[in-house]
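Participant: how would this look folded up:
(one chain, ligands or ions: 2)
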Amino acid sequence: MEKTLILRPDAAGITEAAALLRAGRLVAFPTETVYGLGADATNDLAVAGIFAAKGRPRFNPLIAHVSSMEMARGIAHFDARAEALAEAFWPGPLTLVLPSLGAVSDLVTADLPTVALRFPAHPTARALIAAVGRPLAAPSANPSGKVSPTRADHVLAGLSGRIAAVIDDGASAVGVESTILGLFDQITLLRPGGLSVEAIEALVGPLALAQASSLPNAPGQLESHYAPDAPITLNAVTPGPVHIGFGPGPATLNLSPRGDLTEAAANLFHSLREADRLAAGRPITVAPIPETGLGRAINDRLRRAAAPRPGTPE
Ligand code: TXA
Ligand code: MG
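Facilitator: Ligands and ions are numbered 1, 2, ... in the order given. Okay, the predicted model is just below:
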């Protein structure tokens, strides 16, 4: 156990966090999607520490976070499609899987020939990466299989004593992880997320859907993930004792009383945690969420939260 520092998102806090990261330590930091558990992506030992702290059962590929196009171009090959996507949507909640130039640890790429890159929009994330001067590997800052954190206190609830520090900069605005695109022969949707498929397709045309066999064995793609302890029923027309609502109507917690998907995404993970606490093991029901815009990412995370848990009898 180590004592986890809580740092402010000011110049002194960022300098201290950057020094810890350069020394190979783990620091959780805010992004516009969720809080990330950061390590120097060029340091094998530091990246290995991420898997240890999260208790991840396997080494899965991680996203490398950058603070400039210059840094990005030093890590991956950008073809014309990648340049156009970066120009339109970076910085922001979009991750691009591109041919790797071998600049990051093999633990980040899981030895794949490709690397996942994201240029976050959050000013604290950008300032931190720039201060470190190296890309940061950063999965969501939660123990493996648990709900992603959108606040510093969520990070501490799961990882206090296992990481050097967390930078506390309030709630994440987007609330679900980035959308991941593979720039293969076709542009392929690997994970729905904080940037809507509609916005991407308006720029590049229809996306290909990932074949299960072509995906790396990654936790964001495990069937049960983002899981609270209580059993969950989706698309519930009849609310149970602990009900997560969307739009008007009775609910224990409401993702967005006015039925706004952006607001619902921002509230999703905090609401799952709150519902889990209130349920104390009783079942949780969730109202239907439309499958458009950010609703796709919300439903994807909810389906994983509701899926049968590994190791639990059917
Ligand atoms: O919003 C986010 O993306 C957050 C914040 C912290 O930035 N980060 C995040 O990172 O979700 P992470 O490392 O948990 O995402 C890893 C996912 C894997 O589940 C996998 O699907 C995909 O990125 N991935 C990474 N490298 C890949 C590769 N080379 N090929 C295909 N997919 C890859
Ligand atoms: Mg995660």
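
Participant: could you pull out the helices for the stretch 51-200 of the chain?
Facilitator: Here the stretch 51-200 of the chain has its helices, by DSSP state H, counting those that start in this stretch, at 69-73, 80-89, 106-109, 123-132, 152-159, 197-204.

Participant: quick one: which of those is nearest Gly281?
Facilitator: Closest to Gly281 of these is helix 152-159 (C-beta to C-beta; 17.9 Å). For glycine as for every other residue, the C-beta is placed from the backbone atoms N, C-alpha and C.

Participant: mean confidence score for the closest one?
Facilitator: Averaged across helix 152-159, the pLDDT comes to 97.

Participant: likewise for stretch 141-148?
Facilitator: In this model, stretch 141-148 has a mean pLDDT of 93.

Participant: start the count at 557 instead of 1 going forward.
Facilitator: From this message on, residue numbering opens at 557, which makes the last subject stretch 697-704.

Participant: does that stretch reach ligand 1?
Facilitator: No - using C-beta under 6 Å from any ligand atom, stretch 697-704 stays clear of ligand 1, coming no nearer than 7.3 Å.

Participant: buried ones in that stretch?
Facilitator: 697-698, 700-704 (16 or more other C-beta atoms under 10 Å).

Participant: stretch 614-631 too?
Facilitator: Across stretch 614-631, burial judged by 16+ other C-beta under 10 Å covers 615-623, 627-629, 631.

Participant: repeat that for stretch 629-644.
Facilitator: Under 16+ other C-beta under 10 Å, the buried positions of stretch 629-644 are 629, 631-632, 634, 637-638, 641-642.

Participant: contacting residues around that stretch?
Facilitator: 620, 622, 625, 628, 650, 652, 654-657, 659-660, 670-671, 673, 675, 691, 737, 739, 743, 756, 759-760 (C-beta atoms under 8 Å, 6 or more residues apart in numbering).

Participant: out of the buried residues of stretch 629-644, who's nearest ligand 1?
Facilitator: Of all the buried residues of stretch 629-644, ligand 1 sits closest to Ala632, with 9.8 Å by C-beta to the nearest ligand atom.

Participant: center of the chain, which residue is that?
Facilitator: In the chain, the centroid-proximal residue (C-alpha atoms, centre = their mean) is Glu733; its distance is 3.4 Å.

Participant: next up, the contacts around that residue.
Facilitator: By C-beta under 8 Å, 6+ apart, the residues touching Glu733 are 589-590, 649, 696, 704, 747, 749-750, 776, 853.

Participant: of these, just the buried ones, ChimeraX syntax please.
Facilitator: Selection of the buried residues among those in ChimeraX, burial being defined by 16+ other C-beta under 10 Å:
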select :589,590,649,696,704,747,749,750,776,853
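
Participant: mind listing which of the contacts of Glu733 are in strands?
Facilitator: Arg747 (DSSP state E).

Participant: tell me the least confident of the contacts of Glu733?
Facilitator: Gly776 (51).

Participant: quick one: pLDDT of the residue lying closest to Leu763 once chain neighbours are set aside?
Facilitator: Sequence neighbours aside, Leu745 is the residue nearest to Leu763 in space, at 4.5 Å (criterion: C-beta to C-beta, 6 or more residues apart in numbering). Here the pLDDT value assigned to Leu745 is 96.

Participant: does Leu745 really touch Leu739, like I thought?
Facilitator: No - counting by C-beta atoms under 8 Å, Leu745 sits too far from Leu739 to count as a contact (11.5 Å).

Participant: one step back: the residue nearest to Leu763 and Pro679, how far apart?
Facilitator: 28 Å (C-beta to C-beta, to the nearest Å).

Participant: of those two, who's got more company?
Facilitator: Per other C-beta atoms under 10 Å, whichever of Leu745 and Pro679 has more neighbours is Leu745, with 19 against 13.

Participant: of the contacts of stretch 629-644, just the buried ones, ChimeraX syntax please.
Facilitator: To isolate the buried ones among these in ChimeraX, judged by 16+ other C-beta under 10 Å, type:
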select :620,622,628,650,652,654,656,659,660,670,671,673,675,691,737,739,743,756
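
Participant: residues of the chain that sit close to ligand 1?
Facilitator: Counting by C-beta under 6 Å from any ligand atom, the residues of the chain near ligand 1 are 587, 589-590, 592, 616-619, 651, 653, 665, 668, 670-672, 674, 676, 694-696, 733-734, 736, 738, 746-747, 772, 774-777.

Participant: what sits against Ala609?
Facilitator: 582, 593, 715, 718-719.

Participant: mind doing that once more with 6 Å?
Facilitator: Residues counted as contacts of Ala609 (C-beta atoms under 6 Å, 6 or more residues apart in numbering) are 582, 718-719.
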